[in-house]
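Participant: Let me see the structure of the following:
(2 chains)
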There are 2 protein chains.
Amino acid sequence: MRKTVFFILLLASISLDSVRAQNKDSIMIRKIFDEALSNGECYQNLAYLCSNVGGRLSGSPQAEKAVNWGKSVMEGLNLNKVTLQPVMVPHWERGDKEQAFIINSQTKVRYETQICALGGSIATPPEGIEAEVIEVHSFEELDKLGTAKIKGKIVFYNRPMDPTEIFTFKAYGKAVDQRWAGAMKAGRYGALATITRSMGLKIDKFPHAGSMSYVDSIPKIPAVAISTEGAETLSTLLRVDKSARVYLKTNCKTYEDAPSFNVIGEIKGQDNPNQYIVVGGHLDSWDLGTGAHDDGAGCVQSMEVLRIFRAIGYQPKHSIRVVLFMNEENGLRGGKEYAKQAKENKEAHIAALESDAGGYSPRGFSFTAPEWFMAAVQSYKPLLLPYGLYDFEGKGGGADISPLIEQGVPVMELIPDSQRYFDIHHTADDTFDKVNKRELELGAASLAALIYLIDNTIFH
Amino acid sequence: MRKTVFFILLLASISLDSVRAQNKDSIMIRKIFDEALSNGECYQNLAYLCSNVGGRLSGSPQAEKAVNWGKSVMEGLNLNKVTLQPVMVPHWERGDKEQAFIINSQTKVRYETQICALGGSIATPPEGIEAEVIEVHSFEELDKLGTAKIKGKIVFYNRPMDPTEIFTFKAYGKAVDQRWAGAMKAGRYGALATITRSMGLKIDKFPHAGSMSYVDSIPKIPAVAISTEGAETLSTLLRVDKSARVYLKTNCKTYEDAPSFNVIGEIKGQDNPNQYIVVGGHLDSWDLGTGAHDDGAGCVQSMEVLRIFRAIGYQPKHSIRVVLFMNEENGLRGGKEYAKQAKENKEAHIAALESDAGGYSPRGFSFTAPEWFMAAVQSYKPLLLPYGLYDFEGKGGGADISPLIEQGVPVMELIPDSQRYFDIHHTADDTFDKVNKRELELGAASLAALIYLIDNTIFH
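Facilitator: Numbers count the residues shown, from 1 in each chain, chains lettered A, B, ... in the order given. Predicted structure coming up:
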């Protein structure tokens, strides 16, 4: 950002002006929440997306359908502009449902177990892979075992998410290396495939999808996730049967990159039309469920912000853009393209917000923002506390808007209650019936309230 | 309370001692949460209660079974004492499932609709009641209509819970007069029966049970709740068909008071064995569901507090009692009896805590306590914030422990996120599958943490 002037309306020494401003702001925030909770449309929009579009992985026909849906919803919001921003995206398909068996080496009994290929993985050969399994809990353990113990086997990463982390995303962060880098690490030692314990805190039958990565210098091997229940079963068997085997068959394939779009809607700013506040979620989702919490919720909440502003007659000072980003899940191409275009077009971005942590009851926002911006955020606290928003301490911002950070844009993410998110994250169970209407609406209103405050206190 | 001495360990001017105390406390609170989230037993206990006992209205065989269950769980916790405290309770039974039809006066078409008798109501005559319906939204409106317009009709109370209240219990408080006093008010004007819109924010088919009351001076008339969806249907019909009728048939009956028990478990205090901190929930529930959130959750969380203390080897200074109160739902006899006995036995109570707002993700505690106690609570804040506990401003305390207030006992209640509670409150949908394991465990740990802090800072 160039020269930055900002105003904290609530100074420690309270002046009459600041009291007036706070009253005005608290009335406007009350209006925002009343509108969201009384006339909200985000819940119905999400119902439509989940039931009529469903899971929508980048490059799929459903993703294309989702783009058209997003555009048509926005066209109904009386905005100043709705556009599609072209972007090429990875195109990976799961193919037929995977098969897996845990095999007792003594009795030869085969137990069917629930797995799914990880996004970006190569498939097993058509006849599948059957081999002995070696369980590890860290890459250090893997390195110690080395080629001698690993070659020709299936590596089973079974370090659970830490249940003692209160904020479950921290537990996710501490475990997800196994999913993302597991195949790279094990491929180096001649493993035939990897099985990673699903990134979930609940013991159940749902395998959790998610992205993984290869490097060209290391042999590529198939990578799958096993349900937490399957992981417990396999681990228990391995304790008594060191030669237990697993059979895996996956049918996934990576295709040529496909054309797709970010969907962008805009209300023109009254005072600073060339300065932007962006709010968004990602339109793509994993294919197993219907992407209700991840991230249909963030998409409908972001559009709801503009609907609320129109409904209560709020004319923003800066231009407010909602962006439904394409391809957060396996490439971040939409987020990168948006940032690239913003830079090329020399668009000044005041702030960028994302909702991509589920449509649960909101507790606050995380930030990656300079000190002067956080000082303004401190002044918002008393206005947001009545709505259950108390937590502004976390570092974060949302993946899709993270490419804006290097342009100096303050980024922030809605932080909903995180307890239930990893029960359904990337699974077939991430469906509309898991979403509570009021919780979703409160999230939309929280985004709108923060944007309103930024719009009124932060200027280039 | 007699002479009260209390210590705030965290003074504004930080001394080395206070830093040491805070470190010790923060380590102990971390241990409490780790134990609850890693080795918690409350979720399994709740599964058992819901599946093997089920709904357990006072005076029912299931309530008796629940008493035995509570006793046997506590006997497994290595406590110093487990006792049953006798109490006589009301005994009302629903009888066969109710029937209701909305009848179009023009076409005579009868639409079946979902109702339930309110607790304590008399039944309709065996042949049912059919009459015209008059919709009202307040007692003022009812009073204006008077006998002329009401006599011989069914009064339909249809003021919804206010969706703009962020804390849903406030919306409940603003609407529940219709359920509690509706029959009394309408009986005075010669109404034949009352139908009250269910106390829920969601539009669905579940009627919500709950208690109601009569006075002897006013004719007693049958009172039912209609599902929110039914209320919408009926109200819509009444707009075009002023003579629309409803048929109601209920089969409930009040029996003689029945013997029952509060279940009490105790860990003896090391320094002040004759001073008590009480934590509890209520063992009885409405009969339609299995009382999972209301209040199986509070019962298993309260017992979990003592299990946690034993598991981490914490020896409390005061005696800690868990009380599973009988008959919160339709009489509060258990809470009253406990307070009566406490007074008669001159038991000094340092504090009383309740969990009766659902097993959802905790956000804080509400209090009815003197200023000196609240000053201590202020000092706990930084220790509890890392666990998502930030809200200590509400006035409250829990129904079962409210009779202790007149003895000067500070009372407090766990405040979980309230968004989903009234979706299932008093309905057939209040079942175990609606409870999230981690949310339930966090509530138990929150109770244990607050009790630990009180135990270490408040003395008679």
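Participant: SS state for the residue most central in space within chain A?
Facilitator: In chain A, the centroid-proximal residue (CA atoms, centre = their mean) is A:Asp356; its distance is 4.3 Å. Under DSSP: H, G, I helix; E, B strand; the rest coil, A:Asp356 falls in the coil class.
Participant: can you pull the contacts of it?
Facilitator: A:281-282, A:294-295, A:298, A:328, A:398-400, A:413 (CB atoms under 8 Å, 6 or more residues apart in numbering or on different chains). Placement of C-beta: from N, CA and C, glycine included.
Participant: what is A:Tyr157 paired to in the beta sheet?
Facilitator: For A:Tyr157, the beta-bridge partners are A:Val136, A:Thr196 (DSSP bridges).
Participant: Around it, how many other residues sit close by?
Facilitator: The number of residues packed near A:Tyr157 is 28, by other CB atoms under 10 Å in any protein chain shown.
Participant: Up against chain B, what does the stretch 351-460 of chain A have?
Facilitator: A:361, A:363, A:386-388, A:390-391, A:417, A:419-420, A:423, A:436-439, A:442 (CB under 8 Å from any CB of the partner chain).
Participant: again with the stretch 151-300 of chain A
Facilitator: A:163-164, A:166, A:168, A:201-202.
Participant: Please work out which residues outside the longest helix seen in chain A touch it.
Facilitator: Scanning chain A for the helix with the most residues, using DSSP state H, yields helix A:16-39. The contact list for helix A:16-39 (CB under 8 Å, 6+ apart) reads A:9-11, A:42, A:304, A:308, A:311-312, A:314, A:382-384, A:387, A:438, A:441-442, A:444-445, A:448-449, A:452-453, A:456, B:163-164, B:166.
Participant: Tell me the helices and strands packed up against the helix or strand hosting A:Ala351.
Facilitator: If you go by DSSP states H and E, A:Ala351 is part of strand A:348-354. In terms of contacts (3 or more CB pairs under 8 Å, 6 or more residues apart in numbering or on different chains; DSSP states H and E), strand A:348-354 is packed against strand A:272-282, strand A:411-416, helix A:437-457, strand A:458-459.
Participant: Return the distance of the shortest one from the chain's centre.
Facilitator: Which is strand A:458-459. Computed by CA atoms, centre = their mean, to the nearest Å, the chain-centroid distance of strand A:458-459 equals 28 Å.
Participant: Show me the strands paired with it, marking each as parallel or antiparallel.
Facilitator: strand A:5-6 (antiparallel).
Participant: before we move on, what about the second one?
Facilitator: Partners of strand A:411-416 in the sheet, by DSSP bridges, are strand A:348-354 (parallel), strand A:362-368 (antiparallel).
Participant: going on from it, what's the next piece of helix or strand?
Facilitator: helix A:421-424.
Participant: low pLDDT regions in chain A?
Facilitator: A:1-16, A:460 (pLDDT under 70).
Participant: can we see that at 80?
Facilitator: Where chain A drops to pLDDT under 80, the residues are A:1-21, A:459-460.
Participant: Just the helices from it, written as ranges.
Facilitator: Using DSSP H, helices in chain A cover A:16-39, A:42-48, A:61-75, A:139-150, A:168-175, A:177-187, A:228-240, A:297-311, A:333-344, A:371-384, A:421-424, A:437-457.
Participant: and the third one, C-alpha only, in CSV?
Facilitator: Provided in CSV are the C-alpha atoms of helix A:61-75 (Å, rounded to 0.1, in the frame of the first residue of the first chain):
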residue,chain,number,x,y,z
PRO,A,61,-19.0,-30.6,-15.0
GLN,A,62,-20.3,-29.9,-11.5
ALA,A,63,-17.7,-27.2,-11.0
GLU,A,64,-18.9,-25.6,-14.3
LYS,A,65,-22.5,-25.8,-13.0
ALA,A,66,-21.4,-24.2,-9.8
VAL,A,67,-19.9,-21.3,-11.7
ASN,A,68,-23.1,-20.7,-13.5
TRP,A,69,-25.0,-21.0,-10.2
GLY,A,70,-22.8,-18.4,-8.5
LYS,A,71,-23.2,-16.0,-11.4
SER,A,72,-26.9,-16.3,-11.5
VAL,A,73,-27.3,-15.8,-7.7
MET,A,74,-25.2,-12.7,-7.9
GLU,A,75,-27.1,-11.4,-10.9
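Participant: Tell me the helices and strands packed up against that helix.
Facilitator: Counting contacts by 3+ CB pairs under 8 Å, 6+ apart, helix A:61-75 packs against strand A:81-93, strand A:253-267, helix A:297-311, strand A:318-325.
Participant: tally of neighbours for A:Arg159?
Facilitator: 18.
Participant: Can you give me the distance of it to A:Glu135?
Facilitator: Between A:Arg159 and A:Glu135 the distance is 10 Å, computed by CB to CB, to the nearest Å.
Participant: With A:Ala428 instead?
Facilitator: As judged by CB to CB, A:Ala428 and A:Glu135 stand 25 Å apart.
Participant: Domain ranges for chain A, per the record?
Facilitator: A:5-91+A:256-459, A:95-251 (automatic domain parsing).
Participant: May I have the distance across the shortest one, first residue to last?
Facilitator: Looking at domain A:95-251, the gap from its leading to its trailing residue is 5 Å under the measure CA to CA, to the nearest Å.
Participant: A:Phe261 - nearest residue in space that isn't next to it in sequence?
Facilitator: A:Leu84 (4.1 Å; CB to CB, 6 or more residues apart in numbering or on different chains).
Participant: returning to what we had before: mind putting the helices of chain A in JSON lines, mean neighbour count and distance to A:Leu118 included?
Facilitator: What follows is the helices of chain A, written out as JSON lines (neighbours: other CB atoms under 10 Å in any protein chain shown; distance: least, CB to CB, whole Å):
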{"stretch": "helix A:16-39", "mean neighbour count": "16", "distance to A:Leu118": "37"}
{"stretch": "helix A:42-48", "mean neighbour count": "20", "distance to A:Leu118": "26"}
{"stretch": "helix A:61-75", "mean neighbour count": "19", "distance to A:Leu118": "19"}
{"stretch": "helix A:139-150", "mean neighbour count": "14", "distance to A:Leu118": "17"}
{"stretch": "helix A:168-175", "mean neighbour count": "19", "distance to A:Leu118": "14"}
{"stretch": "helix A:177-187", "mean neighbour count": "23", "distance to A:Leu118": "6"}
{"stretch": "helix A:228-240", "mean neighbour count": "18", "distance to A:Leu118": "14"}
{"stretch": "helix A:297-311", "mean neighbour count": "28", "distance to A:Leu118": "23"}
{"stretch": "helix A:333-344", "mean neighbour count": "19", "distance to A:Leu118": "18"}
{"stretch": "helix A:371-384", "mean neighbour count": "16", "distance to A:Leu118": "37"}
{"stretch": "helix A:421-424", "mean neighbour count": "22", "distance to A:Leu118": "16"}
{"stretch": "helix A:437-457", "mean neighbour count": "26", "distance to A:Leu118": "29"}
